[in-house]
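Student: below: sequence and its predicted model.
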Amino acid sequence: MANKKRDPDYTLNIFHCYDETIKRNVVVFLVQTTRIFVSFQYEILLEEELVGNEINLRIAGLHIPELLMPHTGPAQGRYNYTNLNGLYKLIVTKQDKTVNEFSVQISPEKIDIMHKPKVPFIIVSNEPVSLS
């Protein structure tokens, strides 16, 4: 029996953004589910670790928002980084321990996705996303 190609469960957008609270530019790592939730906009619990030029993001599950306001959309989780510059190995791990590895070149001007896995569970893009 042939393995059916599964659609990715998540997207990850990596982009530059000005953070009003700290008054400086940051690199945003925004993880979203490809599934749209109709009742609430869940929060993705992310665990993050930056060691040298290796960024580890672990998707630790979904969390129901404290304010149960009806809202349609994907679940989201995000990290903002300051001072990223250079070539980084990005390792994303799902709850079931599935791992995707990427190479990401980050400069103050732009972000390039250099290497992607052949069958990713998460699609990585350098397209900015509106943060509402």
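Tutor: Done, it's in. Numbers count the residues shown, from 1 in each chain.
Student: before we move on, what SS does Pro108 have?
Tutor: coil (DSSP: H, G, I helix; E, B strand; the rest coil).
Student: does it touch Asn85 like I think?
Tutor: Yes: here Pro108 reaches Asn85: they are 6.9 Å apart, a contact under C-beta atoms under 8 Å. Just so you know, the C-beta spots here come from the backbone N, C-alpha and C atoms, and that holds for glycine as well.
Student: same for the strand ranked longest in the chain, what does it pack against?
Tutor: Counting residues, the longest strand found in the chain (DSSP state E) is strand 24-37. For strand 24-37, the packing partners by 3 or more C-beta pairs under 8 Å, 6 or more residues apart in numbering; DSSP states H and E come out as strand 10-19, strand 43-51, strand 54-63, strand 73-81.
Student: redo that, cut-off 6 Å
Tutor: strand 10-19, strand 73-81 (3 or more C-beta pairs under 6 Å, 6 or more residues apart in numbering; DSSP states H and E).
Student: could you give the angle of it to strand 54-63?
Tutor: 40 degrees (axes from the mean of the first three to the mean of the last three C-alpha atoms, to 10 degrees).
Student: sheet partners, orientation included, of strand 24-37?
Tutor: strand 10-19 (antiparallel), strand 73-81 (antiparallel) (DSSP bridges).
Student: I'd like the ones you listed laid out as a markdown table, including mean neighbour count, distance to Glu54 and mean pLDDT.
Tutor: Formatted as a markdown table, the strands paired with strand 24-37 follow (neighbours: other C-beta atoms under 10 Å; distance: least, C-beta to C-beta, whole Å; pLDDT from 0 to 100):
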| stretch | mean neighbour count | distance to Glu54 | mean pLDDT |
| --- | --- | --- | --- |
| strand 10-19 | 18 | 15 | 96 |
| strand 73-81 | 18 | 13 | 94 |
